[in-house]
Structures are given as C-alpha cells and as structure tokens.
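Chemist: Sequence below, structure please.
(one chain, ligands or ions: 6)
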Amino acid sequence: MVLSIFREEATKGMRLVNRQAMAAVLVVGVAVVVAMALPARAQAPGPEYANEKLCQACHKVVHGQSPAVTDNYLATKHATITGEGPRYNFNGQPGVGCQACHGPGTEHVKAPMDQKLATGKTPAELETREQKLSLCGRCHGQYDEGFVADYKLGDNILDKITLKAPTGGKLEQLNEMKDSKHFTSPTGPVCIDCHTGHKALDPNLVPQLVAPINDLCLKCHPANAGMAHLTPLTQIPDGATCATCHMPNKKHIFKVARQ
Ligand code: HEC
Ligand code: HEC
Ligand code: HEC
Ligand code: HEC
Ligand code: HEC
Ligand code: HEC
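Modeler: Ligands and ions are numbered 1, 2, ... in the order given. Prediction:
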C-alpha cells in the first residue's frame, strides 16, 4: 500500500519532469528563433557570452535542483534599469544580465544536460570575500581606474582599484563601506550575505534583501538584540531598525553618522 503510493508519487514526479523538460525545449526553441530574427547588436558580445534570452528561456522552469529564477529576475531592477555605459548595458545587452553575476555562459548553454549543473557557476560558490565583493563592487563602486572591463568571474579586483570618496551616487556601495570594519574585517559581511540575486523576492524586503533588516544584522551581532547596546536615554525613532542609525539614507557606512 505504502509502496504503491510511493510509486504513484514517483510516476507523477516523472510526468512533471517530462512536462517541464518539454516546456523548456519549447521555450528555448522559440527563443532561438527570436534571437536569430533580431538585428545584429551594435556592440556584439564576446563569443564566450551567450544571448541573455537563452538563459531566461531555459531557467523559466525548474531544472533538477535549480529553481525557476527568470520571473524573479525580471522583477529586479537589474533587469529593467536603463542607462549609459557598461554598468547599465552589460556586455552590450540592455540591463544587468544573468552573465554579469554568473560569468560567461556559452560553454554552459552548449553543454550536454548531464553537465549543466557543473558548468553553471553561482556567486555563492565564490570562495573568498574579496572575490564576492569584486563581483558586485565592480559596478557598485567608483574608482580611479574607470570600469574594469576585462573582469572574469572569480577575479579579485580590490587590489587593483583605488576607491574614491563617496559622493552620494547610486553605484557607490563599496565606497560607502570602505571605511567600516565590514570592509576590513575578515569576518565582515559581503553584498550577498544581505542581498540576493533573485531568490525569495518579497515586496517587504526591498531592495532584494535576504531577510528583514534587523534579522540580517543580528545573525552576526546577537548581543545587540533589542537595541541592548543603547542606553535607556538614547532617542530611538519610532519604527527604527538597525539601518536607521547605521545606514543613514541607505548608505553602507555601518557606523553612526556624525554631524
Ligand atoms: C538548454 C537549457 C539551459 C540554458 C540555455 C541555460 N541553462 Fe543554466 N542550467 C540548465 C540546467 C538543466 C541546469 C542544471 C540543473 C540541475 O541539474 O540541477 C542548469 C544550471 C545552471 C546553474 C547552476 C545552478 C546551481 O544550483 O549551481 C546556473 C547558475 C545557470 N544554470 C545559469 C545559467 C545562465 C547564466 C545561462 C545563460 C548563459 C543559462 N543557465 C542557460 C539549463 C540551461
Ligand atoms: C545581481 C546578480 C545576479 C543576476 C543578475 C542573476 N543572478 Fe542568479 N544568482 C545570483 C546569486 C547571488 C545566487 C545565489 C543565490 C542567491 O543569493 O540568490 C544566484 C543563484 C542562481 C541559481 C542557482 C539556484 C539558486 O537560486 O540558488 C541559478 C540557476 C541562477 N542564479 C540563474 C540565473 C539566471 C538564469 C539569471 C538571469 C535570468 C540570473 N541568475 C541572474 C546572482 C545573480
Ligand atoms: C554589470 C553591473 C552590475 C553588477 C555586476 C551588479 N549590479 Fe547591482 N545594479 C547595477 C545597476 C546599474 C543598478 C541600478 C542602479 C540605479 O538605480 O541607477 C543596480 C541596482 C542594484 C540594487 C538596487 C535594487 C533596487 O531595487 O533598488 C541592488 C540591491 C543591487 N544592484 C545589488 C547587487 C549585488 C548584490 C550584486 C552582486 C551579486 C550586483 N548588484 C551586481 C549594476 C550592477
Ligand atoms: C550587512 C548587510 C548589507 C551588506 C553587507 C550590503 N548591503 Fe546593500 N543594503 C542593505 C540594506 C539593509 C539596505 C536597505 C537600507 C534601508 O532600506 O534603509 C541596502 C540597500 C542597498 C541598495 C539600495 C540603495 C538605495 O539608495 O536605494 C543597493 C544598490 C545595495 N544595497 C547594494 C549593495 C552592494 C553592491 C553591496 C556590497 C558592496 C551591499 N549592498 C552590501 C544591507 C547590506
Ligand atoms: C556576516 C556577519 C555580519 C553581518 C551580517 C553584519 N555585521 Fe556588523 N560587523 C561584523 C564584523 C565582523 C564587525 C567588526 C567587528 C570588530 O572588528 O570589532 C562588524 C562591525 C559592525 C559595526 C562597527 C563598525 C565600526 O567600523 O566600528 C557596526 C555599527 C555594525 N557592524 C553594524 C551592522 C549592521 C547595522 C548590520 C546589519 C545591516 C550588520 N552589522 C551586519 C559582522 C557582521
Ligand atoms: C538609535 C540609533 C541606533 C540604533 C537603532 C541601533 N544602533 Fe547600534 N549603535 C548606535 C550607537 C550610538 C553606537 C555607539 C558606537 C558609535 O558611536 O559609533 C552603536 C554601536 C553599534 C555597534 C558597535 C559596537 C557595539 O556596541 O556593539 C554595533 C555592532 C551595532 N551598534 C549594531 C546594531 C544593531 C545590530 C542594531 C539593530 C538591532 C543597532 N545597532 C541599532 C546607535 C544605534
């Protein structure tokens, strides 16, 4: 009895997988036709970079242990932002595409199905905090050297760039962090400790936060729970979070702004 239920579940699972596989093949087919019909881009991507539409088409559905990410991704600012220059038009394609964070994908696109998992690299797999800060900081930082164009996933650019003093611009999070212990401490947080690429997007967790603000901080600062580090005389604004005092105007200074 129990066994037959399992068998039934398994068959259902198989059917689901088949349906998903077929759906994927269909979307990819359509995407390829669309891609071929598109006029040549003004700034063609290098051969190691695939057309972003291919990534979006395949990852619209679940594959093995990989969740469907495309719809979440399309809801992020990265997918919709417009502007001038390589920070806004990744690799000649509009917006900040999958490959800006996952690296060049032609090899992965061409790989046989049983090698897809091994060829798909994620930022979470990067080993060092310098590598992780470099990935996002390349665009979310302003430095004397201009934009690091010859970056490859896994590079550490922190030793090669001179960060400017922050000016209040939108892409300066690395500059904002530079003078805090979060930047210098080997156990300090990196961007993807607090922000996701596209997972678990929640309208209450803008901008792409992985958890409510206080939860993010208390993971590493449990002693500060309940604002315990503040004297009873401290004025705590209504609805204050850790960011109210330590990230004024959403700036990543992780200190208390001094007037
Ligand atoms: C032909 C369909 C197809 C295309 C096109 C495709 N992928 Fe994949 N991708 C897969 C499959 C299948 C897997 C493996 C899933 C598994 O076995 O869990 C995968 C895995 C991945 C992973 C690894 C996930 C993990 O959990 O480690 C990443 C990252 C990824 N793809 C990103 C991309 C990017 C970026 C592009 C565009 C350059 C792209 N994919 C294009 C089918 C595709
Ligand atoms: C801003 C950077 C960024 C962009 C752009 C991005 N990703 Fe990701 N992706 C990540 C990060 C970071 C992770 C690790 C999990 C997380 O924090 O979301 C990840 C994880 C994944 C995974 C593994 C499954 C998971 O959720 O852990 C797949 C598959 C994937 N991304 C595919 C894509 C595809 C396809 C696109 C474009 C449609 C894309 N990503 C765009 C940063 C990005
Ligand atoms: C190729 C350049 C590029 C890369 C790489 C990149 N970003 Fe961005 N990101 C942008 C641009 C451009 C914007 C839009 C800024 C604006 O509002 O003008 C943006 C916006 C954002 C936002 C704001 C979203 C909102 O809703 O306001 C977050 C959060 C973010 N990025 C996090 C990350 C993280 C984390 C990484 C690394 C995993 C990353 N980005 C990698 C270019 C990039
Ligand atoms: C310790 C957690 C933490 C780390 C590390 C972190 N952020 Fe943030 N970030 C936040 C929080 C929280 C907010 C929202 C603050 C608020 O709403 O008051 C935010 C806001 C943002 C915004 C939107 C800013 C705006 O003005 O709208 C961007 C873009 C961003 N972060 C990118 C990054 C990048 C890139 C990195 C790495 C260089 C990074 N963050 C590191 C927690 C973090
Ligand atoms: C991954 C762990 C981690 C997370 C997440 C984290 N911190 Fe920290 N934080 C640290 C470490 C490590 C230090 C440095 C401690 C030291 O050297 O004394 C630090 C130091 C600080 C300092 C003192 C900074 C200075 O320059 O003196 C403040 C303020 C702070 N964190 C606030 C926050 C806030 C607010 C958040 C949430 C938005 C947060 N932290 C999230 C690990 C973390
Ligand atoms: C009302 C403003 C305010 C709020 C809200 C606040 N802090 Fe602080 N925090 C301070 C002040 C003031 C200091 C003293 C250090 C200084 O002067 O830079 C401090 C210091 C710290 C430090 C460094 C030294 C220490 O005593 O641990 C950490 C870490 C920290 N806060 C984390 C947090 C976390 C986590 C939250 C949210 C649960 C939070 N703070 C909420 C004002 C605030």
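Chemist: got the contact list for residue 175?
Modeler: Each residue near residue 175 by CB atoms under 8 Å, 6 or more residues apart in numbering is listed here: 141, 142, 163, 164, 165, 166. Bear in mind the C-beta positions are built from the backbone N, C-alpha and C, glycine included.
Chemist: Show me where the stretch 51-200 of the chain has its helices.
Modeler: With DSSP state H, counting those that start in this stretch as the criterion, the stretch 51-200 of the chain has helices at 52-58, 70-74, 77-80, 98-102, 106-110, 116-119, 129-137, 173-177, 181-184, 191-194.
Chemist: what's the closest of those to ligand 2?
Modeler: helix 98-102 (2.8 Å; CB to the nearest ligand atom).
Chemist: What does the pLDDT read for the closest residue to residue 109 other than its chain neighbours?
Modeler: In space, not counting the residues next to it along the chain, residue 109 is nearest to residue 50; the distance is 4.6 Å by CB to CB, 6 or more residues apart in numbering. Residue 50 carries a pLDDT value of 95.
Chemist: how far away is residue 50 from ligand 3?
Modeler: 16 Å (CB to the nearest ligand atom, to the nearest Å).
Chemist: Relative to residue 75, how far out is that residue?
Modeler: 22 Å (CB to CB, to the nearest Å).
Chemist: Please say which of those two ends up with more neighbours.
Modeler: Higher neighbour count among residue 50 and residue 75: residue 50, with 22 against 14, using other CB atoms under 10 Å.
Chemist: In contact with the residue nearest to residue 109: list those residues for me.
Modeler: Residue 50 sits next to 99, 104, 105, 106, 108, 109 when contact means CB under 8 Å, 6+ apart.
Chemist: at 6 Å instead, please
Modeler: 105, 106, 109 (CB atoms under 6 Å, 6 or more residues apart in numbering).
Chemist: swap in residue 246?
Modeler: residue 254.
Chemist: again, but for residue 78
Modeler: With contacts defined as CB under 6 Å, 6+ apart, the neighbours of residue 78 are residue 96.
Chemist: State the distance from whatever residue of the stretch 151-259 of the chain ends up closest to ligand 2 to residue 208.
Modeler: Using CB to the nearest ligand atom, the closest approach of the stretch 151-259 of the chain to ligand 2 is made by residue 197 at 2.2 Å. Separation of residue 197 from residue 208 (CB to CB) stands at 8 Å.
Chemist: And for residue 253?
Modeler: Noted for residue 253: a distance of 20 Å to residue 208, by CB to CB.
Chemist: More neighbours: which of these two?
Modeler: Legend: neighbour count by other CB under 10 Å for residue 253 and residue 208, higher for residue 208 (21 against 17).
Chemist: before we move on, the earlier item: pick the one among the contacts of residue 175 closest to ligand 6.
Modeler: Distances from ligand 6 to those, taken by CB to the nearest ligand atom, are shortest for residue 166, at 17.9 Å.
Chemist: Could you give the number of residues near that closest one?
Modeler: So residue 166, with other CB under 10 Å, has 19 neighbours.
Chemist: repeat for residue 148
Modeler: Using other CB under 10 Å: residue 148 sits among 17 other residues.
Chemist: hang on, it packs against residue 138?
Modeler: Yes - using CB atoms under 6 Å, residue 148 is in contact with residue 138, at 5.4 Å.
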